[in-house]
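In: Give me coordinates for this.
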Amino acid sequence: MLSGILLNFLPWWVIGIVAAIAALVFRTKPVFSFLAGFLGIALLWGLYAGYLDGQNESILSSQLGQIFKGLSSMGLILTTALIGGLVGGLSAMTGSLLRKLVLE
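Out: I've put the predicted structure just below:
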């Protein structure tokens with residue numbers, strides 16, 4: 001939720017910082033941190049991309065899909081969610097491993 005709020009004011013990569021800090025605060029294993037970060041950011045970006053796609057009646061996503069060799073609107077939304085999820089998951093896992101390195 002904090003990532004979604006901060007995305008309105010800061011660059012896209014703030015999601016990585018928020019995910020890493022969250023993993024530092026909550027004591028979870030790196031695998032679970034990755035899954036939580038991945039799912040949280042993938043849902044955030046996927047749902048928001050779907051919302052924006054619905055608002056403009058898929059005009060922009062169909063034009064972007066043509067640039068990426070005929071990728072459909074849903075494919076573009078899923079790709080956006082996957083990329084965001086990977087950034088969030090890897091950042092959360094990094095935060096968890098950093099906590100283990102420094103504090104344990």
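
In: Report the buried residues of stretch 69-82.
Out: Buried residues in stretch 69-82, counted by 16 or more other CB atoms under 10 Å: Leu71, Ser73, Leu76, Ile77, Leu78, Thr80, Ala81. All C-beta atoms are positioned from the backbone trio N, CA, C, and that covers glycine.

In: Need the residues that contact that stretch.
Out: 42-43, 45-46, 49-50, 53, 58, 61-62, 64-65, 68 (CB atoms under 8 Å, 6 or more residues apart in numbering).

In: Tell me the buried residues within these.
Out: Neighbour-count burial (16+ other CB under 10 Å) applied to these gives Ala42, Trp45, Gly46, Ala49, Gly50, Asp53, Ser58, Ser61, Ser62, Gly65.

In: Which positions in the host helix or strand of Leu24 come out as buried?
Out: Here Leu24 sits within helix 14-25, counting by DSSP states H and E. Neighbour-count burial for helix 14-25 flags Ile15, Gly16, Val18, Ala19, Ala20, Ala22, Ala23, Leu24 (criterion: 16+ other CB under 10 Å).

In: How far does the very next helix or strand once past that helix sit from its chain's centre?
Out: Remark: after helix 14-25, the chain's next helix or strand is helix 30-55, criterion DSSP H and E. Remark: helix 30-55 is offset 5 Å from the chain centroid, using CA atoms, centre = their mean, to the nearest Å.
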